[in-house]
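> Please find the sequence and the predicted model below.
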Amino acid sequence: MEKLLQIEKLETEFTKDKQALKILHGVNFHINKGEVLGLVGESGSGKSLTSLSIMKLFKGTSGEISGGRIQFNDQDLTNISESDMRKIRGKQIAMIFQEPMTSLNPVMKIGEQLLEPIRLHLGLKEKQAKAHAVSILKKVGIPRAEEIINEFPHQLSGGMRQRIMIAMAISCNPQLLIADEPTTALDVTIQAQILDLMKQLQQKENMSVLLITHDLGVVAEMCDRVVVMYAGRVVEEADVFELFESPKHPYTKGLIGSVPKLGQKKEKLDSIKGNVPDPSNLPKGCKFAPRCNNVMPICYQEEPPDLKLENGRSCSCWLYKEERGDICV
Amino acid sequence: MSNTLLKVSGLRKSFSIPDGMFGKKKLLKAVHDVSFLIPEGKTFSLVGESGCGKSTTGRLISRLIAPSEGEIWIDGEEISQRKESQLKAMRKKVQMIFQDPYASLNPRMKVRDIVGEPLAIHTKLSKAERNKQVSEILEVVGLSEYHAHRYAHEFSGGQRQRIGIARALIMKPKLIIADEPVSALDVSIQSQILNLLKDLQAEFQLTYLFISHDLSVVEHISDHIGVMYLGTIVESGPKEEIFSNPQHPYTKALLSSIPIPDPRLRRERIILQGDLPSPVNPPTGCRFHTRCPVAMDICKVMEPPVKKGPTADHFVACHLIES
Amino acid sequence: MLQYIIKRILEMIPILFIVSILIFFFTHLIPGDPARLVAGKDATLEEVTIIRAELGLDKPIWEQYGSYMNHLFHGNLGTSLKTGLPVMDLFVDRFMPSIYLTLFSMVWALVIGLLIGTLSAVFKNKWPDYFGMVTAVSGISLPGFWLGLILIQIFSVQLGWFPTGGAEGWKSYVLPSITLGAGIMSMLARFTRSSLLETLKADFIRTGRAKGLKESVVIPKHALRNSLIPVVTIAGLQFGFLLGGSVVVETVFSFPGMGRLLIDSIAFRDYPVIQAELLLFSLEFILVNLLVDILYSFLNPKIRYVA
Amino acid sequence: MELSKTVNQSNTIITEKKYSPLKEFWKNWKRQKTALWASFFILLLIIIAVVGPYIAPYDPYKPDYNSMLQGPGSKHFAGTDEYGRDIFSRLLVGSRISLSVSFLSVFLGAIVGTILGLISGYFGGWLDRFIMRSSDVMFAFPDLLLAIAIVAILGPGLNNVVIAVSIFSVPSFARLVRGATLEAKETVFVEAAKSMGASHFRIMFQHILPETLGSLIVFISMRIGTAILAASSLSFLGLGASPETPDWGAMLSLGRDYLGTSSHVVMMPGIAIFLTVLAFNVVGDGLRDVLDPKTKNE
């Protein structure tokens, strides 16, 4: 498998009141060409920030990459100029966001907004650009595409707006599509439409997708491989089937056990005790230790290393130190 | 057979909303002929997508708003048209838990005063007596006296929802209306709260009206379920029936739309076309016919009557069902 | 759209009607007897009574109001007690200079205010922001009459660049316009800044950046237009400050406009002039805000399409 | 690292340090450096306003024809006016006038406006329409013009200036509080209180009014600045304080004629007005940053 994107030891921090607050602590994972990678975690796990770091969308915030590499094709995105980065954004890496209601400019017509990346990156002339825009809208299943381009976002439903966002994102044939909680704000039946659309487009275009979500159901439906994040770190990485069949990290186990499943007759759900930690006040050692059912003395002392396990899996937990302790990264 | 604690029949609510910027008003039919009942100590869930009227139904039953038509019987008393001054007794018996644990607790009040507020409203207890009861109830929901002197925003979402639950419990209510109580929470916290709600129900013989868009959560917590679409209940029945033997095409589609956290179960979905129609201008006949994959001619003109489903307690409003 | 404008105009009518009643009755509460003022200090009681009858001041107040409204509908604003001239004639020479003055003030205040506000927001917490915001907070804290006096002292008395008063030629408008617009400019700058900062936090700005757009495209094309919508409303409300401020500024610069006429008329208890002036000022203000609302609905597609 | 401790069975960890809204306010306020200094300046002004007449080096009313229109110097800090009165003494004594006029008028306007706005926003219906239409009519007159018109009717004088400024403040406060009330009314915790059966009184004063307090305080601070400007403008126009009163606006008005020769007569009261208004505006800005929920989470 050819790697499209490789993230190594990525660290990102914010500065508040002259104090740096590190949110991402050495994130490692990669995305292969033509694959859907799921990035799972609860609020505050740093999954959205990871995507913003890849796009280097920090303008207007104090966020900044403070370490590590983001290898995209043959370029390291962490040290290319802003103007080179702009050529990648929207062209090679495109992004869709959680809130389709607020992610479109309310005072610009759909067409104008859709044409922006097309003109910018494909250099098409007015007429061709417009034809391209209409064809993309049709591709994402928008009826009356020719009329829609003259309408404003507030005239469309949430599902339609998310289709527009997808159209905008795929308009320049990106190699990587980052979808940050693309269906969280949508109703179940609309979510089904959008997921279905994304799956189809991904397969047709052989695009790589980084799907960020907190919904394990969406992960199971959509992804080939999964990366689980907790408190700004990757705690587990595995093939989607293996992850759900035999989760390794106690956090992953807890997460899968917490979700009520249809048709499952269970009086009580498993749950993870305690709360998601505050990034400014993380515990020492393994960040999950205070909530972990399998906690050992060492967990409170030292952060577990990223352990490579069989089948290309990895897990950051002291429980597996004995298994393959020699291959620490 | 236990008593019926809540009985709702023929409930309707329309809001008049301004049409554009001009004087003309339009009617938004939020709830359109909703009937169901909840036996004491059981959980009934209303499930549906946004705008289906499930929250409005909850607000009607708690009489935050007055229904346009219909009856609401709570513990043997009809309260649908009562004035606020006549609702005090009912307000003691019925408590609410809200979706957003951040917004539903006054940020300027301490936990002690938030949880004790129902006591301050309904009883003449002294402050010390109120505080004592607050400490007791905080223990019940897994918090402690220690938390009482702090402000709600010092807590995480899950803890706040516990505070909200404590507030709902302190009057020893009979009915709790929980409007999306876990949808704002992280997955790992969501299960804590669901478990807590179940424990409390067993301990205090509570009756729940549970409102949610999440079918998996609903399946876990409910005894009976009502599936709502555009202001009406299209199908209702015991949980097992709804999930294992759904009759209404909308219920079927809804069930098949839920992503299941098991990659081996990837399946063919019934994907509904189009968007939800606006409740201001709902479709004629069966409200679902515009998106229904098996719609017939009659569906466009005639509202389907509620028919008995395959088993007792199972009701479906669909022309396809032979009664 | 047209319906909306008509509706707004219809809404103005009752307000104007109540305003006219208020103005009429309250100006008659002004202490002092205008008939005596007109007659002069040495007039006998009979002379005063005759003048009172001539002026119609002996009639019951509602009758006076009736004839006042009647005249108003015929475009007759009454007769000045002080000069004996029709109020209309007094206004003719003074109306346009005042309008020019407010217009010039508004235009420069808008242009500079938007510019400073935008730069401050774009360079938030950098020196253009500090400079802009220090200017702006000073601008809203400066008493207009004091600023006017200082400008006269520097540019008229010492440098002799501009006249100290009057309304002859463009030069005589410069200092009064600067004085009058300073406060508005500052408020607009502050408001533009906060509105733009708010917009820059919006999700669609991130969408624009994610498309690969330059900041020089994102800010004017995506951010500015959205943040201007509320600024327009504020600008309309600020117009009221201009009208009020013009009274002060015209006094400082001995500017022969409506504002100074008002002060002079109050000193002389010249009812008809005061009434007409107040009515005109509030009409102006209401009209400007009507225009602003219409402009607003053009800028905001949500309103446009609902209508 | 702050001490943490495990407190109960659900294993919740919260930080040990106790939160208090006042401490929190002070912590944030200390960071607003400029506003902090401005608030000290205002404090100083208030002290001067109280003790001004006792510490003034000269009698602010007594003419001294031997030292007319003297520039600032060692004897007369800020120079003298055309009657030879010590300007510094007049400024000190005048601070009491400026502050009391503006405080009094803004607080009167704020109290009436807040009550009207709260009632209007909370109950809605015809009461709301009536209050809002009335304020529309008031809004048809630009602020200062309204004050001028009111003073024109009531006659010149400081008392009437107070009345005029408080009247023109009422509709602004009413609108502000109404808006905040409408917003607070929609919050879930107000709905929660309603579902518990809380009385209107309890909802209005326990839940809604505290929500509006932040923006109210900010607005009051800004408005005091506006009131000082308005009052001194009225005095300048001869509609406020009588010319012999050491009111800052009146002093400026009197000094106009000597602008060319003795500019300090105009400069000194002007600077006093400017700095005072500036301080209130800066404090208002600082308060907005600290109290306004919209900017709070930046």
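That came in fine, so what should we check first?
> OK, contacts around the spatially most central residue of chain C?
The centroid of chain C falls nearest to C:Leu243 when counting by CA atoms, centre = their mean (2.6 Å). Listed by CB atoms under 8 Å, 6 or more residues apart in numbering or on different chains, the contact set of C:Leu243 reads C:102, C:281, C:284-285, D:142, D:145. (C-beta placed from N, C-alpha, C; glycine too.)
> from those, which is closest to B:Leu119?
The nearest member of the contacts of C:Leu243 to B:Leu119, counting by CB to CB, is D:Pro142 at 51.2 Å.
> Can you report how many residues lie near that closest one?
The tally of other residues near D:Pro142 (other CB atoms under 10 Å in any protein chain shown) stands at 25.
> Helix, strand, or coil at B:Gly237?
For B:Gly237, the secondary structure call by DSSP: H, G, I helix; E, B strand; the rest coil comes out as strand.
> That one contacts B:Phe315, correct?
Yes. B:Gly237 is within contact range of B:Phe315, at 6.4 Å (criterion: CB atoms under 8 Å).
> of those two, who's got more company?
B:Gly237 (25 against 21).
> quick one: the nearest residue to that one once chain neighbours are set aside and B:Ser244, what's the gap?
Nearest non-adjacent residue to B:Gly237, counting by CB to CB, 6 or more residues apart in numbering or on different chains: B:His314, 3.5 Å away. B:His314 sits at a distance of 11 Å from B:Ser244 (criterion: CB to CB, to the nearest Å).
> more crowded one of the two?
For B:His314 and B:Ser244, the more surrounded residue by other CB under 10 Å is B:His314, and the numbers stand at 20 against 10.
> Next, the more buried one: phi, psi?
phi -110, psi 120 (degrees, to the nearest 10).
> these two touch, right, it and B:Glu241?
Yes. Contact criterion CB under 8 Å: B:His314 and B:Glu241 qualify, at 4.8 Å.
> Identify the contacts common to B:Gly237 and B:Phe315.
Counting by CB under 8 Å, 6+ apart, the shared contacts of B:Gly237 and B:Phe315 are B:Gly309.
> helix or strand right after the helix or strand containing A:Val227?
In the assignment (DSSP states H and E), A:Val227 maps to strand A:225-230. Downstream of strand A:225-230, the next assigned helix or strand under DSSP H and E is strand A:233-239.
> After that following strand, which helix or strand is next?
Downstream of strand A:233-239, the next assigned helix or strand under DSSP H and E is helix A:240-245.
> export the contacts of C:Leu243 to JSON lines and tack on secondary structure, pLDDT and distance to chain B?
Output for these, formatted as JSON lines (DSSP: H, G, I helix; E, B strand; the rest coil; pLDDT from 0 to 100; distance: CB to the nearest CB, whole Å):
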{"residue": "C:Thr102", "secondary structure": "helix", "pLDDT": "90", "distance to chain B": "30"}
{"residue": "C:Phe281", "secondary structure": "helix", "pLDDT": "84", "distance to chain B": "28"}
{"residue": "C:Glu284", "secondary structure": "helix", "pLDDT": "84", "distance to chain B": "25"}
{"residue": "C:Phe285", "secondary structure": "helix", "pLDDT": "83", "distance to chain B": "22"}
{"residue": "D:Pro142", "secondary structure": "coil", "pLDDT": "77", "distance to chain B": "26"}
{"residue": "D:Leu145", "secondary structure": "helix", "pLDDT": "83", "distance to chain B": "30"}
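> Could you pick out the buried ones from these?
Buried members of the contacts of C:Leu243, counted by 16 or more other CB atoms under 10 Å in any protein chain shown: C:102, C:281, C:284-285, D:142, D:145.
> Indicate the residue of chain D located nearest to chain B.
Closest approach between chain D and chain B, counting by CB to the nearest CB: D:Gly197, at 3.3 Å.
> neighbours around that residue, how many?
20.
> for A:Lys268, same thing?
For A:Lys268, the neighbour count with other CB under 10 Å is 11.
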